[in-house]
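> quick one, what's the 3D model for this:
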Amino acid sequence: MDFINNYIETNKERLLDELFALLRIPSVSADPKYKADVARTAHAVADSLRAAGADNVRVNATEGHPIVTAEKIINPSLPTVLCYGHYDVQPADPVDLWDSPPFEPVIKNGNIYARGACDDKGQVYMHVKAFEAMMQNNALPCNVKFIIEGEEEVGSPNLGTFIKENKDLLSCDVILISDTSIIANDVPSVTVGLRGLTYMEVEVTGPNRDLHSGVYGGAVANPINTLCDMISSLIDKDGHITIEGFYDDVALISDSERAEMAKTPFSLDEYKQDLAINDVKGEKGYSTLERSSIRPTLDVNGIWGGYTGEGSKTVLPSKAYAKISMRLVPDQSSEKIAELFDKHFNKIAPPYVKVKVTHHHGGEPVVVPLDFPPMQAAIMAMEKTFGKKPIPTREGGSIPIVAMFEKVLGAKSILMGFGLNSDAIHSPNEHYGLFNYYKGIETLPWFFKYYSELK
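Down below sits the predicted model:
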């Protein structure tokens, strides 16, 4: 496998140019006006897989955006790795906060700046190029399949149906995903757990129409004020979520595991400085790292209502809205938490408003055991290329399809990402390190080698 470093060095500019071409396509799955661009990106990904040596490359239509599949079966008796990723990206808004146009990638300070650079085009393309390198050097040690979707950023609404209808096409022994991060470029880590997710939208209605705030203010309840009061009651002064039954199924982490987590290099001062905040806030009794990984949370992701245009308009609005997400931990169920939230939010609504609760999407939390052979292969691969053993970590984010993959395909997922928490994914000025991009291409072939040997 020592060919890989020479392959990267020889093709360094091409590997970057091809990624840049992909980053230039605005594959925003949430906005219908980008539908053609999302489809164009799917075909670009398919073309790159064909060029790398994959067979049976397909751009599969769904009721939403396409799903790209491909494979290389060198011997049916060998194990099969299914590589998953997504080519769609978050909206670039607010665009005026970007230092450079979000879909015109540039390199600054050793980083690639563009929407999707880290999440997830850059990390998906590592897999394509690592596969290409193994194919070019006749070094693919096992079978490989690819499934790369275009709706991850909107909750993967059509992926579950596609997987259930194509179980034979996607049959595998393990799933490999690079949509996570490492602690630092000199502190490698491998993700052994993810939080789940429940995403809700609430609507609070007061009067049957917008009212003049001078004529009606003080006599009729303002839905925005009421919504804010209701939201503020969802978390108490100790950072504890007040929804009845919310913590009933939370799996407690042992003191020994918390002690191992505490060994992760972390500077609270640097953390606050990076975010330009004076202090942190969260659930009492837990550290910052624990609050963002092994504990459940509730956050308002958006809130609106009334008049928000230029100048003033003295309106008492009829309606107010909010989007609320809850990150979940083992053994919480996204469906159960959605039901508990719905019941609680209706219960706390005062009589002068009506509420409507909509459950948008969810996903289950995941933990992968360290003694699982593919996990051992990932640890060995990281140690080989980084020169030190990676630290097992639990991430605060969610990849809802991981639990669904295991349920439908009967295969666990290895979360082997190369991004950094400072890469500003979902935010203006998203970026991905050149070091991380090339290190991913270097490391992934070693995973295939070690997995094939351990299997």
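> helices along the stretch 351-455 of the chain, start to end?
Ranges of helices in the stretch 351-455 of the chain, per DSSP state H, counting those that start in this stretch, are 373-386, 401-409, 434-454.
> try the stretch 51-200 of the chain
Using DSSP H, counting those that start in this stretch, helices in the stretch 51-200 of the chain cover 121-136, 159-165, 167-170.
> now do the last one, average pLDDT.
Over the span of helix 167-170, the pLDDT mean works out to 98.
> how about that helix: buried residues?
By neighbour count on 16 or more other C-beta atoms under 10 Å, the buried set for helix 167-170 is 169-170. From N, CA and C alone the C-beta is placed, and that goes for glycine too.
> what does stretch 370-381 give?
For stretch 370-381, the neighbour count (16+ other C-beta under 10 Å) marks 374-375, 377-381 as buried.
> could I have the CA atoms of stretch 179-195 written out in PDB?
C-alpha atoms of stretch 179-195 as PDB (Å, rounded to 0.1, in the frame of the first residue of the first chain):
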ATOM      1  CA  ASP A 179     -19.000  12.800   7.400                       C
ATOM      2  CA  THR A 180     -17.500  13.300  10.800                       C
ATOM      3  CA  SER A 181     -14.300  14.900  12.200                       C
ATOM      4  CA  ILE A 182     -11.100  14.400  14.000                       C
ATOM      5  CA  ILE A 183     -10.000  16.200  17.100                       C
ATOM      6  CA  ALA A 184      -7.000  18.000  15.500                       C
ATOM      7  CA  ASN A 185      -4.600  17.400  12.700                       C
ATOM      8  CA  ASP A 186      -2.000  16.100  15.200                       C
ATOM      9  CA  VAL A 187      -4.600  14.300  17.400                       C
ATOM     10  CA  PRO A 188      -6.400  11.800  15.200                       C
ATOM     11  CA  SER A 189      -9.700  10.300  16.400                       C
ATOM     12  CA  VAL A 190     -12.300   7.900  15.200                       C
ATOM     13  CA  THR A 191     -16.000   8.400  16.000                       C
ATOM     14  CA  VAL A 192     -17.600   5.600  17.900                       C
ATOM     15  CA  GLY A 193     -21.000   7.300  18.600                       C
ATOM     16  CA  LEU A 194     -23.400   9.800  17.300                       C
ATOM     17  CA  ARG A 195     -26.400  11.500  18.800                       C
END
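> out of the helices of the stretch 351-455 of the chain, which comes closest to N5?
Taking C-beta to C-beta, helix 434-454 is the member of those nearest to N5, at 6.3 Å.
> gap between that closest one and the chain center?
With C-alpha atoms, centre = their mean, to the nearest Å as the basis, helix 434-454 stands 21 Å off its chain's centre.
> got the CA coordinates for it in CSV?
Presented in CSV, the C-alpha positions along helix 434-454 are these (Å, rounded to 0.1, in the frame of the first residue of the first chain):
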residue,chain,number,x,y,z
LEU,A,434,-5.7,20.5,2.2
PHE,A,435,-3.9,18.3,4.8
ASN,A,436,-7.2,16.7,5.7
TYR,A,437,-8.3,16.1,2.1
TYR,A,438,-5.0,14.4,1.1
LYS,A,439,-4.7,12.6,4.5
GLY,A,440,-8.1,11.0,3.9
ILE,A,441,-7.1,9.8,0.4
GLU,A,442,-3.9,8.3,2.0
THR,A,443,-5.7,6.7,5.0
LEU,A,444,-8.7,5.0,3.4
PRO,A,445,-6.8,2.4,1.4
TRP,A,446,-5.2,1.3,4.6
PHE,A,447,-8.6,0.7,6.1
PHE,A,448,-9.5,-1.6,3.2
LYS,A,449,-6.2,-3.5,3.6
TYR,A,450,-6.6,-4.0,7.4
TYR,A,451,-10.3,-4.8,7.2
SER,A,452,-9.7,-7.4,4.5
GLU,A,453,-7.0,-9.0,6.7
LEU,A,454,-9.1,-8.9,9.9
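> tell me the helices and strands packed up against that helix.
helix 3-10, helix 12-23, strand 111-113, helix 121-136, strand 174-177, helix 373-386 (3 or more C-beta pairs under 8 Å, 6 or more residues apart in numbering; DSSP states H and E).
> residues making contact with the third one?
Looking back up the chat, that one is strand 111-113. 16, 19-20, 23, 99-100, 105-107, 117, 122, 429-434, 437 (C-beta atoms under 8 Å, 6 or more residues apart in numbering).
> narrow the residues you listed to just the buried residues.
By 16+ other C-beta under 10 Å, those give 16, 19-20, 23, 105, 117, 122, 429-433, 437 as buried.
> count of neighbours near A424?
Residues near A424, counting by other C-beta atoms under 10 Å, number 17.
> now it: closest residue in space, sequence neighbours ignored.
Residue nearest to A424 in three dimensions, not counting chain neighbours: E430, with 4.8 Å by C-beta to C-beta, 6 or more residues apart in numbering.
> I figured the one you found hits C118, correct?
Yes - counting by C-beta atoms under 8 Å, E430 does reach C118; the two are 6.2 Å apart.
> overlap in contacts of those two?
D423.
> mind checking the SS state of K33?
helix (DSSP: H, G, I helix; E, B strand; the rest coil).
> now the one 10 residues further on
Here H43 is helix, with the state taken from three-state DSSP.
> that one against V59, yeah?
Yes - counting by C-beta under 8 Å, V59 is a contact partner of H43 at 5.8 Å.
> which of the helices and strands in the protein ranks last by mean pLDDT?
Lowest by mean pLDDT, DSSP states H and E among the helices and strands of the chain is helix 255-261, with a mean of 83.
> and it, what does it pack onto?
Counting by 3+ C-beta pairs under 8 Å, 6+ apart, helix 255-261 packs on helix 288-291, strand 391-395.
> please identify the most buried of those.
Highest mean neighbour count among the helices and strands packed on helix 255-261 (mean count of other C-beta atoms under 10 Å): strand 391-395, with a mean of 20.
> can you give the distance of it from its chain's centre?
15 Å.
> one more: stretch 147-160?
Averaging C-alpha positions (C-alpha atoms, centre = their mean) puts stretch 147-160 11 Å from its chain's average.
> what does it contact?
Residues contacting stretch 147-160 (C-beta under 8 Å, 6+ apart): 27-30, 38, 41-42, 45, 62-69, 82-90, 120, 124, 163, 170, 179, 199, 360-361, 400-401, 404, 408.
> please repeat the previous calculation with a cut-off of 7 Å.
27, 29-30, 38, 41-42, 45, 62-69, 82, 84-90, 124, 170, 360-361, 400-401, 404 (C-beta atoms under 7 Å, 6 or more residues apart in numbering).
> so which of those residues are in strands?
Using DSSP state E, 67-69, 82, 84-86, 360-361 are the members of those that sit in strands.
> about what we covered before: and of the helices of the stretch 51-200 of the chain, who's closest to S334?
Per C-beta to C-beta, nearest to S334 of the helices of the stretch 51-200 of the chain: helix 159-165, 13.1 Å.
> what comes up buried for the closest one?
With the criterion 16+ other C-beta under 10 Å, helix 159-165 contains buried residues 159, 162-163.
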